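> Quick one: sequence and predicted model below, then my questions.
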Amino acid sequence: MEATARREFRGMKGLKKKRRIQIILLAFVALAISTALIGYAMKDGINFFRSPTQVTEQPPAADEVFRLGGLVAQGSVVRGQGEAVTFKVTDTTNEVPVRYTGILPDLFAEGQGVVATGKLEGGTFVASEILAKHDETYMPKEVIDALKEQGVYVEPAKK
């Protein structure tokens, strides 16, 4: 009787171990599937940042939506009819022409930092969104990094 009870107990231990391994494997598979689904869902929501030099040297794919950042080139803003505006974004090495239809942020100005979201069409960046600085010393981190990479970043004067 005692031997039978021991065999049953060992059998239960083996079953518990097997069940535990199955649960761990199932959790791992569920985690992998959920990670893949999240990545797939976000693929269109991720916009990569590029400076004008990067756009010039390595043009993006035709349908690729990305963010272009730099400074609004001096003397480049041309307002068209209605809400249409064209200007150039520069990192002081290269310039990319930008076309935008819509209302520009109040703080949009020549010589100031700007980040635009859109696509490159025939050498012109067609923006769907324009973001401008929010005070006299702010510049988007990506723009600062790109200007530092070019060796032309100047730290704004502190008040």
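Received the coordinates, thanks.
> Can you give me the domain assignment for this protein?
Following the assignment in automatic domain parsing, the chain carries domains at 1-46, 48-150.
> Same list as before, those that is, but in a markdown table and with mean neighbour count and mean pLDDT included.
For the C-beta atoms, the positions are set from N, CA and C on the backbone; glycine is no exception. Below are the domains of the chain laid out as a markdown table (neighbours: other C-beta atoms under 10 Å; pLDDT from 0 to 100):
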| stretch | mean neighbour count | mean pLDDT |
| --- | --- | --- |
| domain 1-46 | 9 | 78 |
| domain 48-150 | 16 | 84 |
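> Can you show me the strands along the chain?
Taking DSSP state E as the test, the strands found in the chain are 48-50, 66-72, 78-79, 84-90, 95-101, 113-121, 124-132.
> With distance to residue 18 as new columns, can those be given to me in a markdown table?
A markdown table is the format used below for the strands of the chain (distance: least, C-beta to C-beta, whole Å):
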| stretch | distance to residue 18 |
| --- | --- |
| strand 48-50 | 46 |
| strand 66-72 | 50 |
| strand 78-79 | 73 |
| strand 84-90 | 61 |
| strand 95-101 | 61 |
| strand 113-121 | 52 |
| strand 124-132 | 55 |
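> Tell me which of those lies nearest to residue 59.
The minimum distance between residue 59 and the strands of the chain falls on strand 113-121, with 6.5 Å, by C-beta to C-beta.
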